[in-house]
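1. Fold the following.
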Amino acid sequence: MAVSEYQVTGMTCGHCEMSVREEVGEVPGVIGIEVSAQTGRLSVNGEDTLEDAQVLAAVEEAGYTAERIS
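-> Residues are numbered from 1 along each chain as shown. Just a heads-up that it's a prediction; the model follows:
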């Protein structure tokens, strides 16, 4: 299992977290998501290595911006 960490900009509440979780959850291979508006962190667990571009596009679709941090 691969874990990717991102810093998300613009989240302020639980609804923001839910929006990000829903969009990122549609990325093929994602099996777990942890997201915090308080810290701006997004942790994505995948079956194999995930494509950063797909995760970043999903975050953007939810209305936020992100960058990979690990």
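2. Let's verify residue 32: helix, strand, or coil?
-> Assigned by DSSP: H, G, I helix; E, B strand; the rest coil, the conformation of residue 32 is strand.
3. Quick check, it in contact with residue 44.
-> Yes. Counting by C-beta atoms under 8 Å, residue 32 does reach residue 44; the two are 7.3 Å apart. Yep, even glycine has a C-beta here, placed from its N, CA and C like the rest.
4. Pick out whichever of those two has more residues nearby.
-> residue 44 (26 against 11; other C-beta atoms under 10 Å).
5. Beta-bridge partners for the more buried one, please?
-> In this entry, residue 44 is beta-bridged to residue 4, residue 33, by DSSP bridges.
6. From residue 65, how far out is it?
-> From residue 44 across to residue 65, the span is 16 Å (C-beta to C-beta, to the nearest Å).
7. Pairing partners for the closest residue in space to residue 56 that isn't next to it in sequence in the sheet, please.
-> Leaving out its chain neighbours, the residue that sits closest to residue 56 by C-beta to C-beta, 6 or more residues apart in numbering is residue 66, at 5.6 Å. Note on residue 66: beta-bridge partners by DSSP bridges are residue 8.
8. Now do the contacts for residue 66.
-> By C-beta atoms under 8 Å, 6 or more residues apart in numbering, residue 66 lies in contact with 6, 7, 8, 9, 42, 55, 56, 59, 60.
9. That'll do, ta.
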